[in-house]
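[1] What follows is a predicted structure for the sequence shown.
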Amino acid sequence: MRPSYDDVRRHILGAGQQIIALKGFAGVGLNEILGAADVPKGSFYHYFGSKEQYGCALIEQYVQDYLASMDRLFHVDGRPARERLMTYWQRWRDTQCTDGAGDKCLVVKLGAEVADLSDDMRQLLRDGTDRICGRLEACVADGIADGSLAPDLDPAMTATKLYQMWLGASLLTKLRRDLSAFDDALAVTERVLARPGSLTR
């Protein structure tokens, strides 16, 4: 049975993401993407009109997959929301310290680069980060409601500030080639999301 249109399109996106997560968008040529996906140039242009359109589709697919993983993690399953949030941050630390390109955060890798290359890609990344913060905000609100987080937290501000801090920690980790920035970010996050009445606040 021949693969469907969507299957082939996703295969090309997945193959390119592996390389772009390591080298960046500008550092990867079209031929390298074609080779990784094992498709001819004509097939590529059947699915994507240009490399920039490919980049836009890649960001859209990445954000969609990322949000789906957040939804699975934040799904109300009996665990306090604080526990689900701390699992998210711990998972961020663990995945960004591996050598696997598939786990690397494209927001960190492409944010500064594509902002100067493509306004369409910049807007997609901006909108994607807004949606990520929205998921975090909702989980913080759940934590206030279930009593696992302090009632005086502002969900929107807490989500945004923590997300910004972790993006910065990801960049510093790449520059320093050690885990100190992530360890600091995790310690601050634990204090911000301390249990009500905890001595760590």
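    Perfect, I can see it now.
[2] Restrict stretch 120-128 to CA atoms and write it as PDB.
    The C-alpha trace of stretch 120-128 is given here as PDB (Å, rounded to 0.1, in the frame of the first residue of the first chain):
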ATOM      1  CA  ASP A 120       6.300  34.100   8.800                       C
ATOM      2  CA  MET A 121       8.500  31.600  10.700                       C
ATOM      3  CA  ARG A 122       9.000  34.200  13.500                       C
ATOM      4  CA  GLN A 123       5.200  34.600  13.900                       C
ATOM      5  CA  LEU A 124       4.700  30.900  14.000                       C
ATOM      6  CA  LEU A 125       7.300  30.500  16.700                       C
ATOM      7  CA  ARG A 126       5.800  33.400  18.700                       C
ATOM      8  CA  ASP A 127       2.300  32.000  18.500                       C
ATOM      9  CA  GLY A 128       3.600  28.600  19.400                       C
END
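[3] Which positions within that stretch qualify as buried?
    By neighbour count on 16 or more other CB atoms under 10 Å, the buried set for stretch 120-128 is Met121, Arg122, Leu124, Leu125, Gly128. C-beta: built from backbone N, CA, C; applies to glycine.
[4] Would you confirm that Ala21 contacts Leu106?
    Yes - counting by CB atoms under 8 Å, Ala21 touches Leu106, with 6.4 Å between them.
[5] can you pull out the helices in this protein?
    Here the chain has its helices, by DSSP state H, at 5-23, 30-37, 41-47, 51-74, 81-96, 106-117, 119-146, 155-176, 180-192.
[6] per-stretch mean pLDDT over the ones you listed, give me the minimum one.
    Mean pLDDT across the helices of the chain is lowest at helix 106-117; the value there is a mean of 88.
[7] Pull the residues that contact that helix.
    By CB atoms under 8 Å, 6 or more residues apart in numbering, the list of residues contacting helix 106-117 from outside reads 17, 20-21, 24-26, 52, 55, 58-59, 62, 96, 121-122, 125, 128-129, 132, 167, 170-171, 174.
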